[in-house]
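Student: Next comes the sequence, and after it the predicted model I'd like to discuss.
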Amino acid sequence: MARGREILRQLIDERRDAPPPARSGREPAPPVEVWPPDALDNEHQPPGCFFYRPDQLLVWDEPANLRRFEAAATELGLDARPAPPNYVVPVADFADADFADADFADDGLTTDTYVTIPVNPRVPSGAVRYVVAGLGQGVPDVCASLLAKGVRVSPNHVVFGCQTWEFWPDGDPAPATPAQQATVLRDFGLARRHADGHGVKVAVVDSGLPRCWWENPLLANVECAAYPASSPVPGQQELEPYAWAHPRANVAYPQGHGAFACGVVAQFAPDARVVSYRALDGKLTSDEWALACQLSQVVDDLGDQLIVNLSLGFYTMNDDPPLALGGLAALLEKNRGTPIFFAAAGNVDHDRPFYPAAEPWTVTVGATEEMADHYQRAPFSDFGTALSTPRFWVQVCSPGVNVASSFPAQDFIATPGAVPVPFPPEGWGVWSGTSFATPRVCGIAAARASHQQLNLAGGVAAVLQNLQANGGPVIIDPAGRSIGVLVL
């Protein structure tokens, strides 16, 4: 592991020192860097790479662009057909799965059940999804050819829970001590007396909330989103695999990611209406198309006075903004900037744009680590380069190391063959990552909005201005790596 981290650090430094490439949107994609699997110990995603669904393309939904795509596809001999106007989300409650004997042979549990949901016709789409027969893993090369012909097109990027890039940044989740539980419950009780979060809705779009985790008092009032009735799809037969430069093995089973995030929100806004949406499957993955569709549905379901927590994200081809989320940006413009999306900056100690956090319509959250007399950037947190440069994109930060929250009261198995770690029956754990700094800021924003200290209707710019004006210092290290204003 140490060798992998050293190699990663050297290559990232080389990439940072090189002049930034032009991003015209029409240049061929840079060559994919093929790394030997053992160099990274399956922990890091190299700079410049991205994950995508084989055989799928996303084409910007604009008549002239679609005509260009059809002409170019014919010229290139592509058998491209629009995919059905629906998306797939996991809905199975795997609370009763036998985690100790789980089958990891296929890179994770195989017990998920999916449901197919029609695309919401009331929400504009950013892209049309095409399936190209026989394209397989040739998606990046075909995208490069189409971009060169003036077509706005991209792969259907795979989305991960933020923990997946460097699986558990500060080690595996661990059981919370009685003292840590007592501290959280004390603060939780104080927030309840103040009715923090009353009248505000917070959607946590993540890995869901199986019923076995509801025993923790933080989750007592958390709702699970209802999905339209549809024929369940057993297994993963409707989902394509994802591709990368080399096979990726031993993805740890992501127990508790969504439940942990919900618990953090509830600590700071216990009277808010917290709704858990399950967007990520048992491998903590989704894709850009499905995420865009589901976020549009969240906005339609919950309306105004809404905050959305996104402890997930992805890198893109050429680092370009994701096409499918363009429709969501248009919806926000129509709604005058609401709801407010808070997105985790990512956990790879880098300044490469991580989406949707790097989108201008999100509040991007980095993670800090508390020292004896100050806060500093957590060593894993993604960052901006400096306040004065265009690449400064991490705007606020909050504690994200050894966060205590709700966690399944079961044995945790990090990887196949690992010794199970028992968690307390009350359902408590500690974990680290920007995934858990983000719901803290969501909860703080919800609490302020409930007491008229923050106007959510003012849009992301007004919310960001409020957080920065009432926050602490800008967290920036001597090398100019900044994660924005400290929010406590």
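Tutor: Yes, it's here.
Student: so who does the most centrally placed residue in the chain touch?
Tutor: The centre of the chain sits closest to L312, judged by C-alpha atoms, centre = their mean, with a distance of 0.8 Å. Residues counted as contacts of L312 (C-beta atoms under 8 Å, 6 or more residues apart in numbering) are V159, F160, G161, C162, V205, D206, A279, L280, S286, L291, A344, S435. C-beta coordinates here come from the backbone N, C-alpha and C atoms, glycine included.
Student: Check the gap between it and N347 for me.
Tutor: 12 Å (C-beta to C-beta, to the nearest Å).
Student: Next: A449.
Tutor: 28 Å.
Student: out of those two, which sits in the busier spot?
Tutor: N347 (30 against 25; other C-beta atoms under 10 Å).
Student: what secondary structure does that one sit in?
Tutor: In the three-state summary, N347 is assigned as coil, counting by DSSP: H, G, I helix; E, B strand; the rest coil.
Student: I'd say it and R377 touch.
Tutor: No - between N347 and R377 there is no contact under C-beta atoms under 8 Å: 11.9 Å.
Student: Need the residues touching each of these two.
Tutor: Common neighbours of N347 and R377 (C-beta under 8 Å, 6+ apart) are A367.
Student: hang on, Q181 packs against W428?
Tutor: Yes - at 5.0 Å, Q181 counts as touching W428 under the criterion of C-beta under 8 Å.
Student: So if I had to pick from those two, which one is more boxed in?
Tutor: More neighbours surround W428 than the other of Q181 and W428, with 24 against 20 (other C-beta under 10 Å).
Student: beta partners for the residue nearest to the centre of the chain?
Tutor: G161 (DSSP bridges).
Student: ok, and what's touching stretch 314-324?
Tutor: Residues from elsewhere that reach stretch 314-324, judged by C-beta under 8 Å, 6+ apart: 23, 25, 27, 29-30, 45, 49-52, 58-60, 125-127, 129, 140, 143, 152-160, 288-289, 291-292, 352-356, 358-359.
Student: From these, list just the buried residues.
Tutor: 29, 45, 49-52, 58-60, 125-127, 129, 140, 143, 152-160, 288-289, 291-292, 352-356, 358-359 (16 or more other C-beta atoms under 10 Å).
Student: In helices only, show me these.
Tutor: Those of those mapping onto helices are P140, C143, E288, W289, L291, A292, per DSSP state H.
Student: Considering those residues, which is situated nearest to A71?
Tutor: Here the nearest of these to A71, counting by C-beta to C-beta, is C143; it sits at 16.1 Å.
Student: re earlier: want to throw the contacts of L312 into a markdown table with pLDDT?
Tutor: Output for the contacts of L312, formatted as a markdown table (pLDDT from 0 to 100):
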| residue | pLDDT |
| --- | --- |
| V159 | 87 |
| F160 | 84 |
| G161 | 83 |
| C162 | 69 |
| V205 | 94 |
| D206 | 91 |
| A279 | 86 |
| L280 | 84 |
| S286 | 84 |
| L291 | 92 |
| A344 | 95 |
| S435 | 93 |
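Student: rewinding a little: and the ones in helices among the buried ones among the contacts of stretch 314-324 as TSV, adding distance to F423?
Tutor: Listed next are these as TSV, based on distance: C-beta to C-beta, whole Å:
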residue	distance to F423
P140	41
C143	43
E288	33
W289	35
L291	29
A292	34
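Student: From the residues you listed, pick the one nearest P82.
Tutor: Closest to P82, out of all of those and judged by C-beta to C-beta, is W289, at 12.0 Å.
Student: List the contacts of the closest one.
Tutor: Q56, L58, Y87, A127, R129, N156, A324.
Student: What separation is there between the nearest residue to A191 once chain neighbours are set aside and L218?
Tutor: Among residues not flanking A191 along the chain, P270 sits closest, at 5.1 Å (C-beta to C-beta, 6 or more residues apart in numbering). Distance, P270 to L218, by C-beta to C-beta: 8 Å.
Student: Good, wrapping up.
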